[in-house]
Structures are given as C-alpha cells and as structure tokens.
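>>> Structure of the sequence below:
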Amino acid sequence: MWKFFLVFTQTTYLVAMKKILIKLFFIIALIFSTACQVALADDLLSELEKSANAYPEETIVKIDEYLADNERSSLERLKLIALKSQIYKYIGFMEEYKSIAEAGLELARNLENSEYEVAFSLYIAEAYSQMSEWGKSKKLFQEALVKLKAMNNEKAEADAMARFGLASYYNGENQAALQLLSNAFDVYVNLSIEDVPGTLQNIALVFDATGEYDKAIEYYKKSLSYYDLNKQEAEILVIYYNIGYTSIKNSKLDDAEYYLKKAEEIARRYNIVQGIAFSTSQLGLLNIKQANFESAKAYLNESLPIAKDLNNTRLEGMVLSHLLETHVRLKEYDDAMAIYDYLESEFMGADNRSKLEVVKLKSEMHMDRQEFRLAAEGYKEVARILEVFMESQKTKEIREMQGLFDSKLKEQENQILKQQNELQRLKISKQKTQAIIYVVGAGGLLVTIGFLFVFWKREKQVRCKFSELAMKDELTGAANRRYILERADIEYKRFLRNQTKVAFCMLDLDYFKQVNDTYGHDVGDAVLIEFAKIVAKVIREHDAFGRIGGEEWLLILSQIEEKDIHIVFNRLAELSRAIKIPKMDREITFSMGVAVPQPQNDSGLDSLLKCADQALYDAKENGRNCFVIRYNAENSSCKE
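Residues are numbered from 1 along each chain as shown. Predicted structure coming up:
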C-alpha cells in the first residue's frame, strides 16, 4: 500500500511538472516571438526610411503591401502610415500628405495612442499651411503644442515649435516664426544635435524674408557643415536651392546659378519632383535677370505643370508671375494677357505685394502696344496699390514719400491739362491729342513710381530700424504706450467702419508691488520681461500688446468671438504661473478687464478704455487672477 502511494505520488508530481514545463515553454516562445517581431518591425522601418530618400515612389508601394498584411500589429501600422505620409510631404504632394495623415489620426484615436495622435495632427497642420489654409493650420499647431506641454515631452514640443515656426514663415508671420524657431533651437542644442542644421536653415529662411540676405546665406552655409556632402544629398538639395534663391535677391547671380544648378542636378538624379519644380522656377527667374528670356520660358514651363500636380498654390503663383514677365519681354502679348487674367482671378486677391509687380508688367505691355489709355489706367492702379501698401507702413518717411508722390501726380495732371489746351489751340485731331495726353501722363507716372521704388528700397532698412525703436518699450521689448494707443485707435475706427469683433483688455500683474518690495526691482523687471515674452508667444499676428506703464498692459484681440476670450486668458494664466525667476518663489498671476464695444453705443475710445479699467478693478475686487467683461457700460460676471 505504501509503495503504491509512493508511485502514485511520483507519477502525479511528474505530470504536474510536465504541464508546468509545457506552459513555461510556450511563454518563452511567445516572448521570443514578440521580440523577433519588434526587431523585424524596427529593421523593416529602418530599411524603408533609407530607401525613401532615393526611391520615394517605390517605397510607398512597399509600404502599401505591408499595410495590406492583416498580421501587422497596430503599432507597426501607425509607424508605416506615419512614414508614408512623410514621404508624400518629402516629394511635395500636399493633398496626399494630408489624407494619409488624417487616416493615421483616426487610427491613433481609436487606439488611444496620444503620441501618434499629436504627430498626425502636426502633419495635417503642415499640409494645410502649404494649401492656403493658414487659419486651420495655425489652430491645429496651437492645439498640438498645448497637448505636448501637458505630456511634458520637451523634445517633441521642440519639434512641434520648429514645424510651427516654418509654417509661420511660409504664411508671412516672420516675427512669430523667428521666436518659435529660436525656442526650438535652444532645446535642440542640448538634447538633439541632429536637429540643429534643419533649424539653422529655417532661421535663415526668416532672415531672407526680412531682407537680411547675407545673414541668411551665412546660416545656410553653417547648416551645410553638419551634413556628409557625399551621402546626404537629399538634405543638401534643399540648402543649395535656398542659397541660390537668396543669392538672386542679393544680386549675386553667379553664386545663384552655381547653387541652383547643383540643386537641379541632385533633384533630377533622384527624381525628386518638388526639387525639380522649385529649382527650375528659380533658374527661370535667374535667366530673366540675365535677359535670357527664351531659356527662362523653358525652365518656367517645366516647373508650372509640376507645381499644379503638387497642388502647391504658392509655387504655381510665383511661376505664373515670372512667366508673365517673360512673355511681356518677348512681346508675346496674347500669352501674357491670358496669364494676367488667370492670376487676377485665382491668385492676387488682397495681397498688394503680389499685385504691384503684376499690374506694373501689364501696364508696360500696354505702353509697348501703344494702348496709352489702358497703360495710364494701369499706372494709376499701380499708384493706388502703392498708396494702400504705404498706408500699412505707419512711418514718417513713407508719409513724406506719399506727399511727394501726390505732388508729382498733381504736377503731371497740370502738365496734361497744359498739353490739352495747347493741342486744342492748334486744332490737332482728337485721336492724336488723346495719344499724346496718355503718353505724357503714363510716362510721368512711370518715372514717379520708379523714383519711389528706388527711394523706398534705399530707406527701408533705416526706416525699419528707427520705427522699431520708436514703437518698443525699452525694458520689455513689447510695444510702448504711444504705439499701443495708436493701434487701439486704428482698431476702434475699424470697428466703427466694419463692425469687426474686437476686445480691448487691460492687464495688471497681481501684487506686483509686493514682488518689488520683497525681492527688489531687478527681480520685478525680470518678471515684466518674462510676462511680455509669454504674451507675445500666445497672441496672434493681427493682435496687439503693449505696456501702458508699470505693471499695466493693454492687449487688443481683433477678430475674436467673446466665447474665445477665456481661452486666451487661461493660456496666458497657465504660462504666467509657470514663469520661473531666480531668487523668487511665488507664482505670477494677473487680472484682466475686458471692454467689448457695442455698435449702438459709440462713446469713443477713451470711454472704452475707461470701461476696460473699470472691468479690471472689478476683477481685482473678485479676488484677482480672473477677468471681467464689460460692454461699454454694462457689466457681466467674472469668468475664471
């Protein structure tokens, strides 16, 4: 009996051990299999990334084959979709870039993968920024930055700022672009040296946009030192193109030709269609500058269909403008008029800069064809556009130019009148009389406009420098009292004319006197400087912000719905509380009083600003760190 029990016990033990060993084997096999899959996925993505630079279209086909495999894990699919969208961005197909990113965003949301959700949102924002949808783009960028801030991922936040900065540059917001790119650069220097060259290039783009061409070229060439010239040609292509593009504007045409042809050579070698389109567009412009109009036309006619296929409206408009000039110089007037009509209907809109040169070219064409009436009307339109442009500049020198221009116009009108009287006295035919009158008028306008362009170009840098000094608060770099009140007057008058939505906000730092008394005026000054920086970071390009005096500020929010004011306040309050000043261990908060003008109550700007002051007082009475809205003279509850 004892022996039977012992045998039974041993047998049962062996069976149990066998089951345990079998389970352990399956667990180990599963772990090994998963590890192999992860390694395989990483290797696969690494290979695809390498092939994407040289063979982008073939790589997209491979990615689609892998995505069709239902055995792929969710994370693998997210990575493949992200890579596919980036390849479409790289080759310049913005519609496809956006649609692939939208599919990735939907998958990331379903999987509750916040990291990829933010990444795909940034891709969509980038695509919109290239498709003339800047409002949508900007909103997506701002939302992504808020999410990344909450995720406490400094590198990812820097990447988003770099993308946002570049998009801001593309859409004309150069000050915001430089701030975003500089912030990203500060992070990259410490955390991610491989991202430094790209950021240097983007900062160079902003310097180019502000007319500091030598500085822009210097930054481009600095970024070249981070690349292997023999192995990273796809990245170098972009730098060569940008140096060439800037060299044209800097009148260094030999340098421009050298770098643009190197960019074209790389683009054709790897069939990078976006690179071909951009390099040929600038080679076309270069040939215009060199008076080689037939060569210019050939380059531009190659670039145009690619720009259309890419749905890159910025590039298409630029190429069409250069083609217009080429046809005018070659006296191909029918082709020139067809391009002008298309540009006028599809591209010029309210952009006075783009209109100016195009309308001027059209007027020159009418002069060449002796269509004097049309030429004179065209030059008057140029004068009107220039006047609108000068109105936006707000400097004394430009006002003097405008006065000089007006006197020249008056002089030309008097001259035309004298010509009319003299010609009538001599009984010259009506047709000949009109021809002479329009030649005199158009010629006079052309000379005057030419004089204005030369004068404006020479004075531009000095004007900008002194204008900036006159507008800025010496301590904080924000707008000073004089400038912000001038801007308030402009916005109020615009409200009266157009009933545009606008809010006038008075801001006051809470307990600021205690900061000065406790920590000293040096710390107080540092608080003011940091507060000005965070407001500049949050507000939009068409908003305005300036220091009234002490710790009191005026913020003008134009084109804003009342329901969105709390979003601005909350964002500012969050960043304000995050301000860190050495030797100070307290949070910075502020109170805000908002005055919203009403159409039925035109009591004047002074009254409106007093209304904002009263709302600020109410906010302080309600405990500070909040805001109150008043409507001219009516009060609403405090909203925190």
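
>>> In three-state terms, how would residue 546 be classified?
Here residue 546 is recorded as strand under DSSP: H, G, I helix; E, B strand; the rest coil.

>>> neighbours around it, how many?
Per other CB atoms under 10 Å, the neighbour tally for residue 546 reads 25. Any C-beta I mention is one placed from the backbone N, CA and C, and that applies to glycine too.

>>> any chance you could map the helices in the stretch 201-350 of the chain?
213-224, 233-249, 253-269, 273-289, 293-309, 313-329, 333-346 (DSSP state H, counting those that start in this stretch).

>>> right, and these - which one's nearest residue 107?
Residue 107 lies closest, by CB to CB, to one member of the helices of the stretch 201-350 of the chain: helix 273-289, at 26.7 Å.

>>> hey, least reliable of the helices of the stretch 201-350 of the chain by pLDDT?
In terms of mean pLDDT, the lowest-scoring of the helices of the stretch 201-350 of the chain is helix 333-346 (a mean of 82).

>>> Dump the C-alpha coordinates for whatever helix or strand comes next after that helix into CSV.
Toward the C-terminus, helix 333-346 is succeeded by helix 352-368 as the next helix or strand (DSSP states H and E). What follows is helix 352-368, C-alpha atoms only, in CSV (Å, rounded to 0.1, in the frame of the first residue of the first chain):
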residue,chain,number,x,y,z
ASN,A,352,-0.9,94.1,-52.5
ARG,A,353,2.7,92.9,-52.8
SER,A,354,1.8,90.3,-55.5
LYS,A,355,-0.5,92.7,-57.3
LEU,A,356,2.1,95.5,-57.6
GLU,A,357,4.6,93.9,-60.0
VAL,A,358,1.9,92.1,-62.0
VAL,A,359,-0.2,95.2,-62.7
LYS,A,360,3.0,97.1,-63.5
LEU,A,361,4.0,94.5,-66.1
LYS,A,362,0.5,94.7,-67.6
SER,A,363,0.9,98.5,-67.9
GLU,A,364,4.3,98.2,-69.6
MET,A,365,2.7,95.8,-72.1
HIS,A,366,0.0,98.3,-72.9
MET,A,367,2.7,101.0,-73.4
ASP,A,368,4.6,98.7,-75.8
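
>>> for helix 352-368, which positions count as buried?
By neighbour count on 16 or more other CB atoms under 10 Å, the buried set for helix 352-368 is 352, 354-356, 358-367.

>>> tell me the contacts of the nearest residue to residue 315 once chain neighbours are set aside?
In space, and not counting its chain neighbours, residue 315 is closest to residue 307: 4.2 Å by CB to CB, 6 or more residues apart in numbering. The contact partners of residue 307, by CB atoms under 8 Å, 6 or more residues apart in numbering, come to 277, 281, 315, 316, 319.

>>> follow-up on the earlier one: okay, the helices of the stretch 201-350 of the chain in CSV with distance to residue 67 next?
Formatted as CSV, these follow (distance: least, CB to CB, whole Å):
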stretch, distance to residue 67
helix 213-224, 34
helix 233-249, 24
helix 253-269, 28
helix 273-289, 23
helix 293-309, 24
helix 313-329, 30
helix 333-346, 36
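
>>> and residue 521, which of those is closest to it?
If you check each of the helices of the stretch 201-350 of the chain against residue 521 by CB to CB, helix 213-224 wins as the nearest, at 35.4 Å.

>>> So which residue is dead centre in this structure?
The centre of the chain sits closest to residue 168, judged by CA atoms, centre = their mean, with a distance of 1.5 Å.

>>> wait, is that one part of a strand?
No - using three-state DSSP, the assignment for residue 168 is helix, not a strand.

>>> Does it touch residue 180 like I think?
Yes - the pair residue 168 / residue 180 is scored as a contact, 6.3 Å apart, by CB atoms under 8 Å.

>>> pretty sure residue 555 is in a strand, no?
Yes - Residue 555 forms part of a strand when assessed by three-state DSSP.

>>> need the contact list for it.
By CB under 8 Å, 6+ apart, residue 555 lies in contact with 504, 505, 506, 507, 535, 539, 543, 544, 545, 592.

>>> try 7 Å
By CB atoms under 7 Å, 6 or more residues apart in numbering, residue 555 lies in contact with 505, 507, 535, 545.

>>> got it, and residue 624?
By CB under 7 Å, 6+ apart, the contact set of residue 624 is 510, 589, 591.
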